[in-house]
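Visitor: Below is the sequence, then the predicted model.
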Amino acid sequence: METARDNPAIRWVYLSTNGLGLTREWLEYFKGYPKGILTISMDGQPADHRGQRRLAKDDVPDSYNHILSLKSELLNTPRVVVTQTIAPSTAKRAAVNLNHLLDLGFWRFNFLPGYYIPWKGEQVRALHESFRQMTDIITGRWGRMERTYVRNLFTYAPTPFFNTGLVVDSDRTIHPSNIGLSGTLDHLREQTVVGDLDSPPTREDLQQAAHRVNEILETALSDKVHASTLAVDQELTLFCRSLYPHWARYKRRRDAA
């Protein structure tokens, strides 16, 4: 964080968390770093959020309750983005869950349908309908000049969900993608490694390895999971495309105000 603050070549530092490690003291520290963007996983209503998260144990607090205990501080912390994960089981309630998060006061969002898991046809259709409803919710807010930020509109990656670039893992190995962050795809790190911090790859080696990532995924995934991933990614793309013209009009009106 301190290096990024002092280095003009670094534009943003994204920190993603389920919220369990957040404290009031940490959020106060975070405010002092204007390049930091804090992304918190919060999926909507308590039942749907908890249904996708590890259940609370004696030594692990309930993530929903913990985030709500810090709501006042979070709403007063700049650059907080809520990631709403949409699982196949919650796809039909995604718009309801978005309204719940809005009612809590959050207004910066990143929407994340469940990738690399199987979806049934009716679940994909439910996702499509929910995205349509969410489009109405968001464009309605923009029409009323209510603050609403959708991070998906400003991100693009050639591989669904995962980042492409120089990725350094905790074991010091270097990869062209962060697909190893997914527990079900962890074994693919052996195929994507292109060096380590002691023997880093050339830019050309990294680019060539990046071009192989989609092929590796297609080979490693079952036909059902691969087809599901492409289907929900297409629904997210259509959702973003439906928002772009509304966002442009909102931005013009906001800038003119």
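Guide: Received the coordinates, thanks.
Visitor: where does the protein have low pLDDT?
Guide: Low-confidence segments of the chain, defined by pLDDT under 70: 54-60, 181.
Visitor: Tell me which stretches of it form strands.
Guide: 13-17, 36-41, 80-86, 108-113, 149-150, 164-168, 174-177 (DSSP state E).
Visitor: Could you check the angle the longest helix belonging to the chain makes with strand 108-113?
Guide: Scanning the chain for the longest helix, with DSSP state H as the assignment, gives helix 223-256. Put simply, helix 223-256 runs at 160 degrees to strand 108-113, going by axes from the mean of the first three to the mean of the last three CA atoms, to 10 degrees.
Visitor: Next, the buried residues of helix 223-256.
Guide: Neighbour-count burial for helix 223-256 flags 225-226, 228-229, 231-232, 235-236, 239-240, 242-243, 246-247, 250 (criterion: 16 or more other CB atoms under 10 Å). All C-beta atoms are positioned from the backbone trio N, CA, C, and that covers glycine.
Visitor: Equivalent analysis for stretch 65-74, please.
Guide: For stretch 65-74, by 16+ other CB under 10 Å, it's 66, 67, 70, 73, 74.
Visitor: Grab the two from those residues that are most spread out in space.
Guide: Greatest spatial distance in those: 66 and 73, 11.9 Å, computed using CB to CB.
Visitor: Can you work out which residues contact both of those two?
Guide: Between them, residue 66 and residue 73 share no contacting residue under CB atoms under 8 Å, 6 or more residues apart in numbering.
Visitor: For burial, what's the neighbour tally of the closest residue to residue 246 other than its chain neighbours?
Guide: Closest residue to residue 246 apart from its sequence neighbours, by CB to CB, 6 or more residues apart in numbering: residue 139 at 4.4 Å. For residue 139, the count of nearby residues is 18 (other CB atoms under 10 Å).
Visitor: And for the one 10 residues further on?
Guide: The number of residues packed near residue 149 is 15, by other CB under 10 Å.
Visitor: right, and it touches residue 110 too?
Guide: No - counting by CB atoms under 8 Å, residue 149 stays clear of residue 110, with 9.2 Å between them.
Visitor: joint contacts of these two?
Guide: Overlap of the contact sets of residue 149 and residue 110 (by CB under 8 Å, 6+ apart) consists of residue 81.
Visitor: check contacts around residue 161.
Guide: 112, 115, 116, 182, 229, 233.
Visitor: one more time with 6 Å
Guide: By CB atoms under 6 Å, 6 or more residues apart in numbering, the contact set of residue 161 is residue 115.
Visitor: Count the neighbours of the closest residue to residue 77 other than its chain neighbours for me.
Guide: Setting aside the residues directly before and after it, residue 77 is nearest to residue 27 in space (CB to CB, 6+ apart), at 5.1 Å. Using other CB under 10 Å, residue 27 has 16 neighbouring residues.
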